[in-house]
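**Q** need a 3D model of the following:
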Amino acid sequence: NCHFKRVDGIKTTTKLRVLSQKQQLMRLDFEEHLHRRGIDDLPQRLKERISRSNAVIFSDYAKGLLEDVQTLIQVAKEYKIPVLVDPKGSDFSRYRGATLVTPNLKEFEDVVGPCIDEHQLVEKGKKAIREYCWEALLVTRGEQGMTLFRADKPELHLPAISREVFDVTGAGDTVIGVLASALASGSSIEDAVAISNIAAGIVVTKLGTATVSAHEIRRKLHSLGGAIKGVMTAQQLKIAVEEAKAHGERIIMTNGCFDILHVGHATYLQQARQLGDRLIVAVNDDESVRYLKGEGRPVNSVERRMSVLTALNCVDWVVSFSEETPLNLIKDIMPDVLVKGGDYTIEQIAGAKEIMDNGGKVKILPYTEGVSTSKIISIINQKKQA
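**A** Take a look at the predicted model:
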């Protein structure tokens with residue numbers, strides 16, 4: 001929701017960009033200095049809205065609006081809300097007490113002096129945090145990526161993501177916007193910075209003032225080899241599946257105890273994975289295995305069983321469930337193909353009707369003959385007795 005404040009007698013800045021062959025060459029600004037005329041009620045306007053927020057950004061363009069930014073920072077601190085600042089000018093003391101400040105390298109050096117090497121950059125970054133009582137400082141460095149400084153932890157350097165830059169317009173705004181969104185959602189500063197670095201790498205490949213979506217960020221993570229895989233909660237899995245479906249990927253799902261993983265399991269899971277692009281394996285938790293298989297089972301805890309499954313290349317996501325069947329999970333995920341192994345009929349498979357009613361398919365794959373967890377346990381027990 002926008003709450004604009006109109007100031008009579010002052011024109012809005014006009015920015016003219018000169019482009020050549022999809023590359024920005026320069027920007028020309030036509031403006032009048034804003035001063036603070038007519039905006040003295042800004043602290044009160046902030047107080048009226050800040051309680052409904054989880055983060056605040058002060059983007060300083062040195063036009064006069066944030067001349068008294070310290071008062072606004074204190075308002076946010078009263079409500080214990082993170083404050084992120086995109087600074088301007090040569091006096092960083094104006095932003096004292098902010099949670100995170102995000103100057104680019106030139107802006108940072110204009111205040112602290114030239115940084116001739118990495119050692120000096122780190123030294124001056126840590127000093128600035130102490131001097132201005134910030135929790136963190138993020139220096140964006142163009143093609144050199146970005147560096148995060150905190151008083152009590154080693155610096156964190158992230159390389160630039162984009163290899164082809166068309167237009168840097170709004171890259172800094174993208175960084176601080178994504179940072180604030182991530183922190184407001186409960187991310188750590190490290191994760192928030194990593195996500196914002198990826199977002200900036202995406203937006204500079206677009207022409208003009210552009211936005212970046214959550215889908216684009218996840219897709220970039222995937223292309224970088226950082227696609228979210230492995231053990232997930234049901235909620236995390238739902239998000240991952242929505243993202244995969246948005247990119248046209250076919251989702252396969254199966255379930256079982258997978259107590260002692262053997263060649264039958266591996267063959268079955270490999271066959272299941274060939275039916276689509278992503279394979280979900282839903283695993284009975286320990287209590288439901290005990291209910292189904294009896295005392296003494298499972299041999300391995302659910303954590304160990306899921307850990308082994310994630311080591312298989314054919315498995316993308318692993319999730320546990322506590323009911324006798326994963327019906328509720330299947331209805332929530334709605335895979336394109338539901339797979340079960342053994343001598344089941346389709347009518348006996350939990351979730352089969354729901355999947356087919358939704359336009360999906362149900363497949364029954366044969367297990368490898370002569371191999372089962374029960375037989376393996378029996379063999380082990382016989383050898384013990386012998």
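**Q** what does the helix or strand where Leu292 lies contact?
**A** Using DSSP states H and E, Leu292 falls within helix 286-293. Contacts of helix 286-293 with the rest of the structure, by CB atoms under 8 Å, 6 or more residues apart in numbering, involve Cys257, Asp259, Asn284, Arg297, Pro298, Ser301, Val302, Phe321, Ser322, Glu323, Glu324. Every residue, glycine included, has its C-beta placed from N, CA and C.
**Q** got TSV for these, with distance to Cys133 too?
**A** As requested, those are exported to TSV (distance: CB to CB, whole Å):
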residue	distance to Cys133
Cys257	54
Asp259	54
Asn284	51
Arg297	57
Pro298	52
Ser301	46
Val302	46
Phe321	47
Ser322	47
Glu323	51
Glu324	56
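**Q** in strands, which of these appear?
**A** Asn284, Phe321 (DSSP state E).
**Q** hmm, which of the contacts of helix 286-293 are the buried ones?
**A** Cys257, Asp259, Asn284, Arg297, Pro298, Val302, Phe321 (16 or more other CB atoms under 10 Å).
**Q** mean confidence score for the helix holding Leu292?
**A** Taken as a whole, helix 286-293 has a mean pLDDT of 88.
**Q** try stretch 142-160
**A** Mean predicted lDDT for stretch 142-160 stands at 84.
**Q** list the contacts for the residue nearest to the spatial centre of the chain?
**A** In the chain, the residue lying closest to the centroid (CA atoms, centre = their mean) is Ile195, at 5.8 Å. Applying CB under 8 Å, 6+ apart to Ile195 gives the contacts Val178, Leu179, Ala182, Ser187, Ile217.
**Q** burial count for the fourth one?
**A** Meaning Ser187. Residues near Ser187, counting by other CB atoms under 10 Å, number 15.
**Q** can you report phi and psi for the residue nearest to it when sequence neighbours are not counted?
**A** With CB to CB, 6 or more residues apart in numbering as the criterion, Ser187 has its nearest non-adjacent residue at 7.2 Å, and that residue is Ile195. The phi and psi values for Ile195, taken as degrees, to the nearest 10, are phi -70, psi -40.
**Q** and if you look at Met253?
**A** phi -140, psi 140.
**Q** also Ile57?
**A** Here is the backbone geometry of Ile57 (degrees, to the nearest 10): phi -110, psi 130.
**Q** residues touching the closest residue to Ser59 other than its chain neighbours, list them.
**A** In space, and not counting its chain neighbours, Ser59 is closest to Asp86: 4.5 Å by CB to CB, 6+ apart. Asp86 is in contact with Ile57, Phe58, Ser59, Asp60, Val101, Thr102, Pro103, Gly172, Asp173, Ile176, counting by CB under 8 Å, 6+ apart.
**Q** let's see that with 6 Å instead.
**A** Shown in contact with Asp86 (CB atoms under 6 Å, 6 or more residues apart in numbering): Ser59, Thr102, Ile176.
**Q** the closest residue to the second one other than its chain neighbours in helix, strand or coil?
**A** So the one you mean is Thr102. Spatial nearest neighbour of Thr102, chain neighbours left out: Leu138 (4.7 Å); criterion: CB to CB, 6+ apart. Secondary structure, DSSP: H, G, I helix; E, B strand; the rest coil: Leu138 is strand.
**Q** thought Leu138 was touching Thr147?
**A** No - using CB atoms under 6 Å, Leu138 is not in contact with Thr147, being 7.3 Å away.
**Q** in terms of neighbours, single out the busier of these two.
**A** Leu138 (28 against 21).
**Q** need the pLDDT of that one.
**A** 96.
**Q** residues contacting it?
**A** Contact partners of Leu138, counting by CB under 6 Å, 6+ apart, are Thr102, Met146, Leu148.
**Q** kindly report the same for Val122.
**A** Residues in contact with Val122, defined by CB under 6 Å, 6+ apart, are Glu155.
**Q** distance check, it against Leu156.
**A** Distance check for Val122 against Leu156: by CB to CB, to the nearest Å, it reads 11 Å.
**Q** repeat for Ser53
**A** 26 Å.
**Q** so where is the stretch 201-350 of the chain shaky, pLDDT-wise?
**A** 222-228 (pLDDT under 70).
**Q** quick one: stretch 306-322 to chain centroid distance?
**A** 21 Å (CA atoms, centre = their mean, to the nearest Å).
**Q** and the contacts of that stretch?
**A** 229-232, 234, 237, 261, 269-270, 273, 278-283, 285, 288, 302, 329.
**Q** going by neighbour count, list what's buried in that stretch.
**A** Across stretch 306-322, burial judged by 16+ other CB under 10 Å covers Met306, Leu309, Leu312, Cys314, Val315, Asp316, Trp317, Val318, Val319, Ser320, Phe321.
**Q** end to end on that stretch, go ahead and measure it.
**A** Terminal residues of stretch 306-322 lie 14 Å apart, using CA to CA, to the nearest Å.
**Q** check stretch 323-330 too.
**A** For stretch 323-330, the first-to-last residue distance is 12 Å (CA to CA).
**Q** please apply the same query to stretch 140-152.
**A** End-to-end for stretch 140-152, by CA to CA: 20 Å.
**Q** in that stretch, which residues are buried?
**A** Buried residues in stretch 140-152, defined by neighbour count with 16+ other CB under 10 Å: Thr140, Arg141, Gly145, Met146, Thr147, Leu148, Phe149, Arg150.
**Q** repeat for stretch 254-267
**A** Thr254, Asn255, Gly256, Cys257, Phe258, Asp259, Ile260, Leu261, Gly264, His265, Thr267.
**Q** just the CA atoms of that stretch, as PDB, please.
**A** C-alpha atoms of stretch 254-267 as PDB (Å, rounded to 0.1, in the frame of the first residue of the first chain):
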ATOM      1  CA  THR A 254       6.000 -42.800  -3.600                       C
ATOM      2  CA  ASN A 255       6.000 -43.900   0.000                       C
ATOM      3  CA  GLY A 256       7.200 -46.700   2.300                       C
ATOM      4  CA  CYS A 257       9.100 -47.600   5.400                       C
ATOM      5  CA  PHE A 258      12.500 -48.100   3.700                       C
ATOM      6  CA  ASP A 259      13.800 -49.600   7.000                       C
ATOM      7  CA  ILE A 260      16.900 -51.300   5.600                       C
ATOM      8  CA  LEU A 261      17.600 -49.900   2.100                       C
ATOM      9  CA  HIS A 262      18.500 -52.700  -0.300                       C
ATOM     10  CA  VAL A 263      18.800 -53.300  -4.100                       C
ATOM     11  CA  GLY A 264      15.100 -53.800  -4.400                       C
ATOM     12  CA  HIS A 265      14.400 -50.400  -3.000                       C
ATOM     13  CA  ALA A 266      17.100 -48.800  -5.200                       C
ATOM     14  CA  THR A 267      15.900 -50.400  -8.400                       C
END
